[in-house]
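Student: how would this look folded up:
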Amino acid sequence: MENQVHVAGCVLLDDYGRILLLHRNFGDEGLWYLPGGKLEQDESPEAAAVREIYEELGVSVRLTRQLGNEEFEHNDTGYIFYWFLAEVVSGEPHIAEPELFDDLDYIEIEDLSTLALSAGTEIMHHKLVSGEVDLYA
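Tutor: This next block holds a predicted model:
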């Protein structure tokens, strides 16, 4: 597909192995997202992931490894999503873009299926549940 949107995001875990998600409210529809966003022109997925985490959560992170990537289509738009496992090196995660997000929480992997997830977050959830991605390897 031409003109694909390239997106990079991070899986951040707390001391209990729960995943940090951000909640975005679109009026009647609220969805939970892995923190991340679109790559800027000539930006690597790694640089975008680090930048987006700082913009959305106000923390600096260190990427520990790439968890994978996936091409998918959502609402007639093609996406390539790159996921990284990361750890916070400075700061405390908080909602740094309150105009976009209204909540953040650490969620148990087994509880992700009870939430309304964004398309990219749903794909990562499937990869975790299927064992295709192992956060603890």
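Student: pLDDT below threshold where in this protein?
Tutor: Within the chain, the stretches with pLDDT under 70 are 1-2, 27-28.
Student: what residue is smack in the middle of it?
Tutor: residue 34 (2.4 Å; Cα atoms, centre = their mean).
Student: which element is the residue nearest to that one when sequence neighbours are not counted on?
Tutor: Excluding the flanking residues, the one nearest residue 34 by Cβ to Cβ, 6 or more residues apart in numbering is residue 9, at 4.3 Å. (C-beta placed from N, C-alpha, C; glycine too.) Element membership of residue 9 [criterion: DSSP states H and E] is strand 5-12.
Student: With residue 89 instead?
Tutor: Counting by DSSP H and E, residue 89 is part of strand 77-90.
Student: just to revisit the earlier point, just the C-alphas of the strand holding residue 9, formatted as PDB.
Tutor: Listed next in PDB are the C-alpha coordinates belonging to strand 5-12 (Å, rounded to 0.1, in the frame of the first residue of the first chain):
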ATOM      1  CA  VAL A   5       1.800   5.700   8.100                       C
ATOM      2  CA  HIS A   6       4.900   4.600  10.100                       C
ATOM      3  CA  VAL A   7       4.300   4.500  13.800                       C
ATOM      4  CA  ALA A   8       6.600   3.600  16.700                       C
ATOM      5  CA  GLY A   9       5.700   2.800  20.300                       C
ATOM      6  CA  CYS A  10       7.000   1.400  23.500                       C
ATOM      7  CA  VAL A  11       5.900  -1.300  25.900                       C
ATOM      8  CA  LEU A  12       6.800   0.000  29.400                       C
END
